[in-house]
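Visitor: fold the following for me, if possible:
(2 chains, ligands or ions: 4)
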Protein chains: 2
Amino acid sequence: MLIGAMEAGGTKFVCGVGTREGEILEHVSFPTEGPEETMAKAVEFFSRHPIQGLGVGTFGPADINPESPTYGSITTTPKLKWAHYPMLPELQKHFHVPAAFDTDVNAAALGELTWGAARGLDSCMYMTVGTGIGVGAVVDGKVLHGMNHPEMGHILVRRHPNDTFAGACPYHGDCLEGLAAGPALEKRWGAKGIELADRPEVWEIQADYLAQALVSYALIFGPKRMILGGGVMKQQQLFPLIREKFKTYMNSYLQNSYLDDLDTYIVPPGLQDFAGLKGSIALAVLASKVHSL
Amino acid sequence: MLIGAMEAGGTKFVCGVGTREGEILEHVSFPTEGPEETMAKAVEFFSRHPIQGLGVGTFGPADINPESPTYGSITTTPKLKWAHYPMLPELQKHFHVPAAFDTDVNAAALGELTWGAARGLDSCMYMTVGTGIGVGAVVDGKVLHGMNHPEMGHILVRRHPNDTFAGACPYHGDCLEGLAAGPALEKRWGAKGIELADRPEVWEIQADYLAQALVSYALIFGPKRMILGGGVMKQQQLFPLIREKFKTYMNSYLQNSYLDDLDTYIVPPGLQDFAGLKGSIALAVLASKVHSL
Ligand SMILES: Nc1ncnc2c1ncn2[C@@H]1O[C@H](COP(=O)(O)OP(=O)(O)O)[C@@H](O)[C@H]1O
Ligand SMILES: Nc1ncnc2c1ncn2[C@@H]1O[C@H](COP(=O)(O)OP(=O)(O)O)[C@@H](O)[C@H]1O
Ligand SMILES: [Zn+2]
Ligand SMILES: [Zn+2]
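Guide: Residues are numbered from 1 along each chain as shown, chains lettered A, B, ... in the order given. Ligands and ions are numbered 1, 2, ... in the order given. Next comes the predicted model:
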């Protein structure tokens, strides 16, 4: 049985087909343009495969509430052509199979829990630090939904004393995303993240903001593992810095065996760049267990 | 059928018996002393009633993981006599009935969802602002657990520019609890909360810290209603101030019908001072649905 998976990113789309066990048999990738062009390519790809289920992990914000009349749509987004675009309904016009729809990062969290760095656990968090900061989570085996999907990339953190950058979030200025996503790094230092690799002061501030956020997430919903991916996290030197600052901010307050060894608590993705795509398969499989695909 | 409920607070214990529908038929309250004296009173009370289930909502931190060898115990606590005390096992020595064990605030959140201010919803958050700041939550109909229960009273908030108080949390200094629990108010202003009622500068700072925390919780797990109780929240003027600052910090970022009217989003407890006790009944009832009491 084949499952179709679509990871709809702000920069690129990845479509694939795979097995219920998360093996990707074939995949394609193309840049994100307007919805007509882009979705036509996705539909064309899936048409060539006898898929029996479909999982979609999308950039947000999106309406992921199955009870809502606009379920499966992108909602408000600065990518104006995509605002209020009915992504899942468009796919369902062409493919009459059970489908699941969630954010790319919620999909990635579920993918990592099912087949990646959080295998065997019943909760985890997945954060991408890229063009924005997106976070998804699994709690008690289920993808975390409240009023809608999490938006935890936008929480406030305390300003680092050496940081005079105003912040780049159009809503909040210096929220986490406004201070620590890739574009914020670039604006603060006048160079792209990859060109800043050997400047320790850059990563000191960066790790400080990310660690503050991780401590809040740990205190608030206590995921059993934290997985950090996305372009900016290719700077592997961030991991030990984040762990050290996490420890300092937490100051032994949470006593829990999951935190005993932060090297195994705060980790890179186990599925590398396939977390989102495999996660979309996992979404479809999980939905199928509920709806008996 | 009678259910026993125990709300184990740091200041007082409340024990009651009630129906599965949350009606409390009888209850007693006594001050929290050492575990022997206090638990003997609880056991004595429940012995007088033919209870067929038991729900416990306790001060924390406590081990609420049923898989853990120390399930049902208080863990580390500054109340030294209670540290590592096996509260649930002690009750189970006397009462051989199905039992549920969680934090007082998780119980209160479930109670409010079942019979109080969040009735009809599948998620909510309950915060008590008293001697400490404790928060519990229900997500997708279930009490929120991760590594253990939430500890979200200890997140960091940004310092109010007019606040020079160092903070009173022994772990973090100026975390939310360190800045905004009752004892912090008292230390900052040199008078008890109740005596500060007519000093607007007190409540301006207090509302700012609480609103920052609520915005983080909304972004992170998106509860559909936020219920604020505890001694300090008896200052009803806090509610409009918190709502106003919540709105400012959120800056229209989350677009969701639950947030359209903050007067119905950020609210006082519907069960008044019975949230914890009724919630403990709800814990037992919910557990009974899983384990068929
Ligand atoms: N090796 C790298 N080191 C530091 N920053 C990087 C690196 N690669 C990409 N980035 C930054 O990450 C951002 C893009 O994130 P990415 O996760 O690749 O895409 P997106 O978030 O759009 O899906 C850009 O701001 C880019 O400068
Ligand atoms: N009416 C009030 N106004 C302001 N603060 C109050 C009021 N009543 C109690 N408090 C404060 O709340 C704290 C006690 O909180 P409470 O919720 O009653 O108990 P606990 O948290 O110990 O269960 C104390 O710091 C007290 O000063
Ligand atoms: Zn923001
Ligand atoms: Zn603290």
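
Visitor: burial count for A:N251?
Guide: Residues lying near A:N251 (other C-beta atoms under 10 Å in any protein chain shown) number 15. All C-beta atoms are positioned from the backbone trio N, CA, C, and that covers glycine.

Visitor: which residues touch the residue nearest to it when sequence neighbours are not counted?
Guide: Nearest residue to A:N251 in three dimensions, chain neighbours excluded: B:Y171, at 5.0 Å (C-beta to C-beta, 6 or more residues apart in numbering or on different chains). The neighbours of B:Y171, taking C-beta atoms under 8 Å, 6 or more residues apart in numbering or on different chains as the test, are A:N251, A:S252, A:Y253, B:H154.

Visitor: how about the strands in chain A?
Guide: A:2-8, A:12-18, A:24-31, A:51-58, A:99-103, A:124-129, A:133-139, A:142-143, A:226-229, A:266-267 (DSSP state E).

Visitor: of all those strands, which one is nearest ligand 2?
Guide: Smallest distance to ligand 2 across those (C-beta to the nearest ligand atom): 26.9 Å, for strand A:133-139.

Visitor: re the thing from before, next, format the contacts of B:Y171 as JSON lines and append distance to ligand 4 and pLDDT.
Guide: Formatted as JSON lines, the contacts of B:Y171 follow (distance: C-beta to the ion, whole Å; pLDDT from 0 to 100):
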{"residue": "A:N251", "distance to ligand 4": "8", "pLDDT": "95"}
{"residue": "A:S252", "distance to ligand 4": "11", "pLDDT": "92"}
{"residue": "A:Y253", "distance to ligand 4": "6", "pLDDT": "93"}
{"residue": "B:H154", "distance to ligand 4": "4", "pLDDT": "97"}
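
Visitor: which one (most neighbours) among the residues you listed?
Guide: Counting by other C-beta under 10 Å, top hit in the contacts of B:Y171: B:H154 with 24 neighbours.

Visitor: picking up where we left off before, can you tell me which two in the contacts of B:Y171 are farthest apart?
Guide: Farthest-apart pair in the contacts of B:Y171 is A:S252 and B:H154; separation 11.8 Å (C-beta to C-beta).

Visitor: turn the strands of chain A into JSON lines, columns for mean pLDDT.
Guide: As requested, these are arranged in JSON lines below (pLDDT from 0 to 100):
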{"stretch": "strand A:2-8", "mean pLDDT": "97"}
{"stretch": "strand A:12-18", "mean pLDDT": "97"}
{"stretch": "strand A:24-31", "mean pLDDT": "98"}
{"stretch": "strand A:51-58", "mean pLDDT": "97"}
{"stretch": "strand A:99-103", "mean pLDDT": "98"}
{"stretch": "strand A:124-129", "mean pLDDT": "98"}
{"stretch": "strand A:133-139", "mean pLDDT": "98"}
{"stretch": "strand A:142-143", "mean pLDDT": "96"}
{"stretch": "strand A:226-229", "mean pLDDT": "98"}
{"stretch": "strand A:266-267", "mean pLDDT": "98"}
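
Visitor: so which of those strands comes closest to ligand 3?
Guide: Among these, strand A:133-139 comes nearest to ligand 3, with 8.8 Å by C-beta to the ion.

Visitor: what angle separates the closest one from strand A:99-103?
Guide: Here strand A:133-139 runs at an angle of 130 degrees relative to strand A:99-103 (axes from the mean of the first three to the mean of the last three C-alpha atoms, to 10 degrees).

Visitor: next, the angle from strand A:133-139 to strand A:124-129.
Guide: Computed by the same axes, to 10 degrees, the angle between strand A:133-139 and strand A:124-129 is 170 degrees.

Visitor: give the rounded mean pLDDT of stretch A:192-205.
Guide: Here stretch A:192-205 scores 98 as its mean pLDDT.

Visitor: hey, which helix is longest across chain A?
Guide: Once chain A is assigned using DSSP state H, the helix that runs over the most residues is helix A:200-221.
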